[in-house]
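**Q** my questions concern the predicted model and sequence given below.
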Amino acid sequence: MARQQPPPWVHTAILLCFLSLTGAIEIPMDPAPYWLDEPKNLILAPGEDGRLVCRANGNPKPTVQWMVNGEPLQSAPPNPNREVAGDTIIFRDTQISSRAVYQCNTSNEHGYLLANAFVSVLDVPPRMLSPRNQLIRVILYNRTRLDCPFFGSPIPTLRWFKNGQGSNLDGGNYHVYENGSLEIKMIRKEDQGIYTCVATNILGKAENQVRLEVKDPTRIYRMPEDQVAKRGTTVQLECRVKHDPSLKLTVSWLKDDEPLYIGNSATMEPITQDKRVSQGHNGDLYFSNVMLQDMQTDYSCNARFHFTHTIQQKNAFTLKVLTNNPYNDSSLRNHPDMYSARGVAERTPSFMYPQGTASSQMVLRGMDLLLECIASGVPTPDIAWYKKGGDLPSDKAKFENFNKALRITNVSEEDSGEYFCLASNKMGSIRHTIS
């Protein structure tokens, strides 16, 4: 039978209807499941809570089936610490028995998704991560922190004790941080002692000790004062420091020729030492014969320990050098008779330290023996060292501070005797004997 053609107005109507609905038509789809929350591996400590989430979407909405170690969860042995709530498994007060591989199968009529998640229960007894029996030195009235890094699963609780006493240190002058550090806000003499940190969880405990030593504050009790000296004369700048004798103290001298400003503060340069200008073992600064080039407005001495900040004198001081000669020292540096050209009278050596002709010193076996001789004179004297009745021990003797100091390391009975230093220039020589 021949197909009958519809009237022309029918085509027009169908076309207009289609065009008018083009922007609003949604073509229905049948999507397979896709992930919203895919379950991920879970690591818990004994006693901790956690959850696995298996959430997917699709059309129709997928169903979720849980399995544990390959078998449906419904037929697995019961676990009182585990609860299933639809697409979520909740673990409470997790125990070692909760270790397993969980599978989540989410599916609808168009497909499925399958994911594995490992639930691990990590049980580690407490463990200390810092060296044992540390020694901490701190200056009186400062703030300090004693560290006690630790690890464990479940996360251990940490407590601090002092000198084996039963009371936990926290509050007042003490503060314990989450990482285990104990802060002492202001150190007092009575804070000295042995501190023990104890980390505890259900699997056991671990402890470590820190010995705290409280040292007296360091202060410069004798500071140099402004001085005026004639060129060629002797100058000694004192810098005496009161400090804990068990600590190694370093004293240094600075001067400020041309200040280098960093922010609002000026930096000071170390003093260049030589045969004429040097610092003694006692911290004083000695000028064998002072020159115009030594004239400065900003000398200062500093005391420092290796574990704390530098103690500096409050105010810098001025050294003024008087001269009758109009020429600058530097312009006469290469003059064949430098001192006479400067108008400086030459003189025989004399000892600035130690004074006199003889002294004595004691040292324990195995320690270092340090002997020192600092002399003045014009020209600047040379220093030489000798031992009465024998030679200096060449394998243990070291010369320091431009030969002004003799150090003998690891002394023994064979090093006993009389040593003497000889200070000499062209005007003469003097000797000091040290027993």
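**A** Done, it's in.
**Q** residues near the residue lying closest to residue 122 once chain neighbours are set aside, how many?
**A** With sequence-adjacent residues excluded and distances taken as C-beta to C-beta, 6 or more residues apart in numbering, residue 122 is closest to residue 153, at 4.4 Å. (Each C-beta comes from the backbone N, C-alpha and C, glycine too.) Residues within reach of residue 153, counting by other C-beta atoms under 10 Å, total 21.
**Q** and residue 55, by the same measure?
**A** 16.
**Q** quick check: which element contains residue 213?
**A** Secondary structure from DSSP states H and E places residue 213 in strand 204-215.
**Q** for that strand, which strands pair with it and how are they oriented?
**A** In the sheet, strand 204-215 lines up against strand 134-139 (parallel), strand 193-201 (antiparallel) (DSSP bridges).
**Q** list the buried residues in the longest one.
**A** Buried residues in strand 193-201, counting neighbours by 16 or more other C-beta atoms under 10 Å, are found at 195, 196, 197, 198, 199, 200, 201.
**Q** which of these lies closest to residue 363?
**A** residue 195 (35.3 Å; C-beta to C-beta).
**Q** wait, that closest one touches residue 146, no?
**A** Yes - in this structure, residue 195 is within contact of residue 146 by C-beta atoms under 8 Å, at 5.7 Å.
**Q** what touches both of the two?
**A** With contacts defined as C-beta atoms under 8 Å, 6 or more residues apart in numbering, the residues adjacent to both residue 195 and residue 146 are 160, 182, 210, 212.
**Q** I'd guessed the last one sits against residue 196; true?
**A** No - the pair residue 212 / residue 196 is not scored as a contact, 11.4 Å apart, by C-beta under 8 Å.
**Q** what's across from the closest residue to residue 246 other than its chain neighbours in the sheet?
**A** On the basis of C-beta to C-beta, 6+ apart, the spatially nearest residue to residue 246 that is not a chain neighbour turns out to be residue 215, at 7.4 Å. Taking DSSP bridges as the rule, residue 215 bridges to residue 139.
**Q** now residue 378
**A** residue 347.
**Q** name the helix or strand for residue 386, please.
**A** Residue 386 belongs to strand 382-387, assigned by DSSP H and E.
**Q** which is the next helix or strand following that strand?
**A** Next along from strand 382-387, by DSSP H and E: strand 397-400.
**Q** now that next one: mean pLDDT?
**A** The average pLDDT within strand 397-400 is 90.
**Q** make JSON lines out of the shared contacts of residue 195 and residue 146 and add distance to residue 135.
**A** Converted to JSON lines, those look like this (distance: C-beta to C-beta, whole Å):
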{"residue": "160", "distance to residue 135": "17"}
{"residue": "182", "distance to residue 135": "15"}
{"residue": "210", "distance to residue 135": "8"}
{"residue": "212", "distance to residue 135": "8"}
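**Q** can you pick the most crowded of those residues?
**A** residue 182 (23 neighbours).
**Q** adjacent strands (with direction) for the helix or strand where residue 115 lies?
**A** Using DSSP H and E, residue 115 falls within strand 111-121. Next to strand 111-121 in the sheet, as set by DSSP bridges, lie strand 42-44 (parallel), strand 100-108 (antiparallel).
**Q** can you pull the buried residues of it?
**A** 112, 113, 115, 117, 119, 121.
**Q** what does stretch 410-425 give?
**A** Here stretch 410-425 shows 411, 415, 419, 420, 421, 422, 423, 424, 425 as buried, counting by 16+ other C-beta under 10 Å.
**Q** thinking again about what came up before, between the buried residues of strand 193-201, which is nearest residue 87?
**A** residue 201 (32.5 Å).
**Q** contact partners for residue 385?
**A** Here residue 385 is in contact with 371, 392, 397, 399, 403, 406, 419, 420, 421, 422 (C-beta under 8 Å, 6+ apart).
**Q** beta partners of it?
**A** Under the criterion used (DSSP bridges), residue 385 bridges to residue 421.
**Q** all numbers from here: first residue = 47
**A** Understood, numbering begins at 47; the last thing we discussed is residue 431.
**Q** got a pLDDT number for it?
**A** For residue 431, pLDDT reads 92.
**Q** equivalent analysis for residue 390, please.
**A** At residue 390, pLDDT is 75.
**Q** got it, and residue 414?
**A** pLDDT, read off for residue 414, is 90.
**Q** please name the nearest non-neighbouring residue to it.
**A** residue 455 (5.2 Å).
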